[in-house]
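Colleague: sequence and predicted structure are below.
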Amino acid sequence: MKRFSEIDDNIKQRFEFWKYREIEELYDYKNDPHALNNLVDDPNYQLVVEEFRKVLKKQMQNTQDYVLEAFNNKDDIIFLNRWMDDQIKQARIRTKTLKWKRPQNSSGSTKQNNKLYQIPKDTN
């Protein structure tokens with residue numbers, strides 16, 4: 001995409017937009033099918049934004065979503081950067097400590113399948 005953005009202005013605009021994402025986004029796909037005009041800060045959409053935030057937060061609480069902490073601190077960029085750094089560190093640790101067995105998964109759909117990975121037995 002980057003290479004094409006150098007020769008096509010439409011792709012360049014989309015690529016630049018993609019590179020620098022916002023914390024929250026809201027689009028009117030009917031009038032903005034390429035999602036270039038973020039409406040999250042538009043005063044005309046504040047009631048919609050607040051309702052979506054409320055519904056999302058409730059869903060995150062109900063599902064014990066680990067991203068809830070970041071959601072609750074979405075206006076604190078320092079917190080978010082630290083939180084993201086921690087997530088990256090944890091992911092690196094998981095890649096070294098979990099034995100992924102997805103290719104052998106015979107349980108069907110991944111939906112509600114908690115057998116996609118197993119924690120290796122302690123070798124000490």
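Modeller: On my side now, so go ahead.
Colleague: identify the residue nearest the geometric centre of this structure.
Modeller: Against the mean C-alpha coordinate of the chain, by C-alpha atoms, centre = their mean, the closest residue is Val67 at 8.8 Å.
Colleague: mind listing what the closest residue to it other than its chain neighbours touches?
Modeller: Nearest non-adjacent residue to Val67, counting by C-beta to C-beta, 6 or more residues apart in numbering: Met60, 6.8 Å away. From N, CA and C alone the C-beta is placed, and that goes for glycine too. By C-beta atoms under 8 Å, 6 or more residues apart in numbering, Met60 lies in contact with 67-68, 71.
Colleague: what comes up buried for the helix or strand hosting Met60?
Modeller: In this assignment (DSSP states H and E), Met60 forms part of helix 46-62. In terms of neighbour count (16 or more other C-beta atoms under 10 Å), helix 46-62 has its buried residues at Met60.
Colleague: can you name the element that comes right after that helix?
Modeller: helix 68-72.
Colleague: and for that following helix, what are the contacting residues?
Modeller: For helix 68-72, using C-beta under 8 Å, 6+ apart, the contacting residues are 56-57, 60-61, 65, 79-80, 83-84.
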